[in-house]
Structures are given as structure tokens and as C-alpha cells.
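>>> Structure of the sequence below:
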Amino acid sequence: YCISDQHRLLIYEYVSNQTLEHHLHAKGMPVLEWSKRVRIAIGSAKGLAYLHEDCHPKIIHRDIKSANILLDDEYEAQVADFGLARLNDTTQTHVSTRVMGTFGYLAPEYASSGKLTDRSDVFSFGVVLLELVTGRKPVDQSQPLGEESLVEWARPLLIKAIETGDFSELVDSRLEKHYVEHEVFRMIETAAACVRHSGPKRPRMMQVVRALDIDGDSTDISNGIKVGQSTTYDSGQYNQEIMKFRKMAFGFDDSGESGMYSGDYSVKSSSDFSGNESETRPFNNRRF
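Okay, here's the model as predicted:
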């Protein structure tokens, strides 16, 4: 950092290898290898865990998405773009705030009530894990009606995969089975826990790190909760909220720019690769 008179400057490492969104979704890119996906998942989980558990007061990022995960030449992940981040005193159960973030990544309880907790970030990170497993965008208008949302499309397939061990319908077909099955299964289990409807029943980010870290001890990410049964859930109300945000977020063209949309919720679209993503600022998990 630099302090000069009234100026306060932060100086960041230049990250030249674009973003996770670019490597997963940009046209003409080679298929991202499974080993690199695992490295990115673990690295970004460690960065987010640091914000939640080692910073005092904790930092809630509020806009975790693949476009905000920068990659260096070794595919080490750096969590970036703290423009929406909020501090959360440990004595507070939540922060009440105007809903901001990116459509497709918003936790349902935050989207509907504006009550923000660290588990809101966990939900968003679960969407990123689903992107890594499936290769799909968080919102894809080219999919059939009702399947545009990655999370809602994946929910029944997550249950099937965890109960039967068959994840063939979930995993990115472009990988052509070039992956380690137990690593895929562990990432699927972790993603399912992260996108639970009930915020308090989602894991903490340090639990996510332990679950994903194949070199460490295996951990039970379920916390005794059966998949699909994390809460008594009003799916009708949630679907109404999804429709509301869909109307706001789908007012964009295919130019490749993800813009901020005005309105009560200030929700950004996640549907296309952002041409400005290289300007986001990194938070390097390797420094922790």
C-alpha cells in the first residue's frame, strides 16, 4: 500500500490469466482440465474462508461469482472485486441491506429479505462449484423454460448423485470422463450443502475448504442433514422471487457486457462473459 498526504493507495499483483468465467464460458476456449478446476475450487474457498473467519470484523463479499475469481498462470485463484463487500460485527446475526449482487448467484433468503450473512456468500460459492462440475452458466436463457437457473436445474440431479453415486447427468460432458470420480463426488456433495435453501444449515467456508481439500482429512459436509431436506421450504414463494429477478436481469443484449440494473434490488445479470472483468481487484488466498 501507499500513503501520501491525503491519498491512500492499494497496489495489487497483476493477474494475467483472466477469470474462471472466461475459462469456463468464453467462446473458443479449450476445456478447463479437471485438476485445474479442483485447484481453483480449493484456492477460492480458502480465500473466502479467510474473509469470513480470519478477518475481524468478518467481511461478507456479497458478489461471489466465477467472474470475480481471477487466475494466475498456475491457475491459483484470487477472490476479487470488493465493491459490494460489507463488514459484519460478530455480535450481529445478519446485516440488513439493499439487495445487490448478480442474478443466478443470490441466496434466496438474501434476495427476498435483504438479510445478509456469511452463509449468503456460501450459497454463491456453491453456484460456482456447480459451474465447475457442470460447465453450465448460472443462468442460461438457451435452456428450456424452468431450467435456466443452474441451481434449480441441478437440485434433483444432486439428490440423485448423492443417493445413487450416479453423477453422469451433472458432470461437464466436455471433460469426456477425464476426471477423478471421488473428487467429482466430493465437489458435488459440497455444492449441494452450499446451496441449501436454509442459510443456517449451510456449512461454514472452513468446512467447505476441508471438504474440498483432497490432501487433507475427509470431512462430513452434510452435518447430518439429508440432501433436499434442509428446511420446510415454500417453493412457490421462491419461484415468484426468481421470476421477479429474471424480469429485471434479462433486460440485456448479447454484447458480452454484464451491467448494473437500476431498481429496488440493483441486481446484475450473470448470463454473459464480462469484457471488463480484468479490471477487478484481487484478494490473493496465497497470502493467508
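
>>> CA atoms of the helix or strand harbouring residue 127 as CSV?
Assigned by DSSP states H and E, residue 127 belongs to helix 118-134. Extracted in CSV, the C-alpha atoms of helix 118-134 (Å, rounded to 0.1, in the frame of the first residue of the first chain):
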residue,chain,number,x,y,z
ASP,A,118,-21.8,-15.1,5.6
ARG,A,119,-24.0,-18.0,4.6
SER,A,120,-25.2,-15.8,1.7
ASP,A,121,-21.6,-16.0,0.3
VAL,A,122,-21.6,-19.7,0.9
PHE,A,123,-24.7,-20.1,-1.4
SER,A,124,-23.0,-18.1,-4.1
PHE,A,125,-19.8,-20.2,-3.8
GLY,A,126,-22.0,-23.3,-4.1
VAL,A,127,-23.2,-21.9,-7.5
VAL,A,128,-19.5,-21.5,-8.5
LEU,A,129,-18.9,-25.2,-7.6
LEU,A,130,-21.8,-26.2,-9.7
GLU,A,131,-20.3,-24.2,-12.6
LEU,A,132,-17.0,-26.1,-12.1
VAL,A,133,-18.8,-29.5,-12.1
THR,A,134,-21.3,-28.9,-14.9
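
>>> average pLDDT for that helix?
Computed over helix 118-134, the mean pLDDT rounds to 97.

>>> what comes up buried for that helix?
118-134 (16 or more other Cβ atoms under 10 Å). C-beta: built from backbone N, CA, C; applies to glycine.

>>> Next one: the nearest residue to residue 34 once chain neighbours are set aside from residue 173, what distance?
Leaving out its chain neighbours, the residue that sits closest to residue 34 by Cβ to Cβ, 6 or more residues apart in numbering is residue 179, at 3.8 Å. Distance of residue 179 to residue 173, given as Cβ to Cβ, to the nearest Å: 11 Å.

>>> now residue 57
In terms of Cβ to Cβ, residue 57 sits 43 Å off from residue 173.

>>> now swap in residue 143 and tell me
Taking Cβ to Cβ, one finds residue 143 at 15 Å from residue 173.

>>> How about residue 37?
14 Å.

>>> and if you look at residue 180?
17 Å.

>>> Repeat that for residue 51.
34 Å.

>>> got the contact list for residue 130?
136, 138, 150, 151, 154, 191, 195 (Cβ atoms under 8 Å, 6 or more residues apart in numbering).

>>> Which one (most neighbours) among those?
Most neighbours among the contacts of residue 130, by other Cβ atoms under 10 Å: residue 191, with 28 neighbours.

>>> Okay, and that residue sits in which element?
Going by DSSP H and E, residue 191 is in helix 181-194.

>>> Pull out the buried residues from that helix.
In helix 181-194, counting by 16+ other Cβ under 10 Å, buried: 183, 184, 185, 186, 187, 188, 189, 190, 191, 192, 193, 194.

>>> try stretch 27-37
Those would be 32, 34, 37, for stretch 27-37 by 16+ other Cβ under 10 Å.

>>> Tell me the buried residues in stretch 37-56?
Those buried within stretch 37-56 under the rule 16+ other Cβ under 10 Å are 37-52.

>>> Just these: which are in helices?
37-52 (DSSP state H).
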